[in-house]
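Participant: Next comes the sequence, and after it the predicted model I'd like to discuss.
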Amino acid sequence: MTIPTLAIVGRPNVGKSTIFNRIVGTRQAIVEDTPGVTRDRLYGRATWLTREFAVIDTGGIDMGDEPLVQQITQQAEIAIDEADVILFLVNVENGVTDADERVAQILYRADKPVILAVNKVDNPERRNDVFDYYSLGFGEPLPLSGTHGLGLGDVLDAVLAAFPDDQADAEDDSVKFSLIGRPNVGKSSLVNAILGENRVIVSNIEGTTRDAIDTHFEALGTEFTMIDTAGLRKRGKVYENTEKYAVLRAMRAIDRSDVVLMVLNAEEGIREQDKRVAGYAHEAGRGIVIVVNKWDTLDKDMHTMQDFENHVRDQFQYLDYAPIVFVSAKTKQRLDQLPRLIMQVAENQSRRIQSSVLNDVINEAITVTPTPTINGKRLRIYYMTQVSIKPPTFIVFVNDVELLHFSYQRFIINRLRETFDFEGTPIHLIARRRQ
Ligand code: GDP
Ligand code: GDP
């Protein structure tokens, strides 16, 4: 499902990153940390009053050492391109500055709702200064204090009200996937090769501008939607070649996908940026297929494939569930396997297991490998039930949540994987206490 996007803009030091962290903070706290994944202030997901949305901190897209005016101009343009609603942040300590006016000029041209918030209103005396910002021309300026968290609720209420109505792609049950990977790994070549082999569907459905760059095709009697990714279709913007922007686009494509093809280059192996993006897909609960492209370029012997697989498994330990396929966009080797793999992973991601079957599996597992005793107290597992799909999410009712350590969670997840086909999909386990 497509979730709406909020982008935060404003000149440096107004508090963009502080506000960004406050907005996404509540959510990130509940996601387990993935080792080796650096978090940054660029893109995140948030929930307010049960509505989920994405947040971009345009201050996190640094344009190297370009002059300030150009930086904020480009950041505002990215916000206009990527967001449904823009949060324009100013700092009450400075009054209206030239840079604020500059940002306002750019935002006027956008056909997007703009919410103006005045940050660093830490005490009531400051509230009167907020009215000065009416002059920027975006209606009522909302007071905010990032450090104290004051005013954020009103700002988010305004943001939610400005989001477009929930246009759930209800009738679109195609399998959505994207190809993610560093520049030059062969994403465009793979896209062309895949489309060359399958029947492309020309869609008449009016989409948003963002969806219009998706491609629909049919294979194995199923409709697939290939989601546009950074670098595939250039729009001729200055910032398109920056690495941060590429990461941002990748994260957005992941959010819209059921299945992510993580494309690696056989010649170059795995880099830091690959891990970052793969970690995001894992945490977002997406199905993942690891595609090692340019397989034609290696001199191979009997061990090459196994060695490469070991290397990938070692570098992406948390992706132990993801299938790996070795392909060549150039020779088309094994490309015909991709649609089936994508479809299977999407199916596994939506698999539902009946509670009765689930509990048989768990009871048997416990009999073979008894639950641990920690500080004299034995973990008891009473019951387990699946609460959602995409990814499959299970609640385990136990006597004490603290006793369900990582290793026993791991054990349960492995038992589920051995019994049911969950290849390619993460599994989420939530422990709950039952009296
Ligand atoms: P950015 O450059 O726009 O992302 O701004 P930052 O979020 O990095 O904030 C710049 C500085 O302002 C930091 O030292 C923050 O701690 C501080 N700051 C952020 N919000 C507030 C606020 O509401 N009140 C005060 N007094 N300081 C704030
Ligand atoms: P992207 O930046 O990830 O979209 O990568 P491209 O598809 O533009 O490919 C980058 C370069 O790698 C181009 O010169 C391609 O011709 C080449 N390339 C892509 N796939 C393969 C492959 O499977 N084998 C070989 N030998 N070259 C490839």
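Facilitator: Looks like it arrived, so ask away. Ligands and ions are numbered 1, 2, ... in the order given.
Participant: Now do the contacts for the one residue in the stretch 101-250 of the chain that gets nearest to ligand 1.
Facilitator: Per Cβ to the nearest ligand atom, the residue of the stretch 101-250 of the chain with the smallest distance to ligand 1 is residue 146, at 3.0 Å. Using the backbone N, CA and C atoms, a C-beta is placed for each residue, glycine as well. Contacts here follow Cβ atoms under 8 Å, 6 or more residues apart in numbering; on that basis residue 146 touches 15, 18-19, 22, 119-120.
Participant: ok, 6 Å please
Facilitator: Shown here is residue 146, whose contacts under the criterion Cβ atoms under 6 Å, 6 or more residues apart in numbering are 15, 18-19, 119.
Participant: Could you identify the most distant pair in those?
Facilitator: Largest separation among those by Cβ to Cβ: 18 and 119, giving 7.8 Å.
Participant: And the residue in the chain sticking out farthest from the centre, how far from ligand 2?
Facilitator: Relative to the centre of the chain, the most outlying C-alpha is that of residue 376, 41.0 Å out, by Cα atoms, centre = their mean. With the distance defined as Cβ to the nearest ligand atom, to the nearest Å, residue 376 ends up 56 Å from ligand 2.
Participant: gap between that residue and ligand 1?
Facilitator: Residue 376 sits at a distance of 46 Å from ligand 1 (criterion: Cβ to the nearest ligand atom).
Participant: Also residue 418?
Facilitator: The span separating residue 418 from ligand 1 equals 47 Å under the rule Cβ to the nearest ligand atom.
Participant: Chain neighbours aside, what residue packs nearest to whichever residue of the stretch 1-150 of the chain sits closest to ligand 2?
Facilitator: Per Cβ to the nearest ligand atom, the residue of the stretch 1-150 of the chain with the smallest distance to ligand 2 is residue 61, at 19.7 Å. Taking Cβ to Cβ, 6 or more residues apart in numbering, and ignoring the residues beside it in sequence, residue 61 has residue 244 as its nearest neighbour in space, at 4.6 Å.
Participant: what about the one you found, neighbour count?
Facilitator: Per other Cβ atoms under 10 Å, the neighbour tally for residue 244 reads 16.
Participant: wait, it sits on residue 59?
Facilitator: No: with contact defined as Cβ atoms under 6 Å, residue 244 does not count as touching residue 59 (10.6 Å).
Participant: Stretch 88-107 near ligand 1 at all?
Facilitator: No: no part of stretch 88-107 sits close enough to ligand 1 to count as contact by Cβ under 6 Å from any ligand atom; the gap is at least 6.7 Å.
Participant: Next, the buried residues of that stretch.
Facilitator: Residues 88-92, 99-100, 102-104, 106-107 are the ones in stretch 88-107 that count as buried (16 or more other Cβ atoms under 10 Å).
Participant: Which two among these are spaced furthest apart?
Facilitator: Largest separation among the buried residues of stretch 88-107 by Cβ to Cβ: 92 and 106, giving 21.6 Å.
Participant: Narrow the contacts of residue 146 to those in helices?
Facilitator: 18-19 (DSSP state H).
Participant: Can you give me the domain boundaries for the protein?
Facilitator: For the chain, whose domains are defined here by the TED database, the residue ranges read 5-162, 175-350, 355-433.
Participant: Need the pLDDT of residue 67.
Facilitator: Reported pLDDT at residue 67 in the predicted model: 83.
Participant: again, but for residue 59
Facilitator: 87.
Participant: residues from the stretch 1-150 of the chain in reach of ligand 1?
Facilitator: Taking Cβ under 6 Å from any ligand atom as the criterion, the stretch 1-150 of the chain approaches ligand 1 at residues 10, 12-18, 59, 119-120, 122, 145-147.
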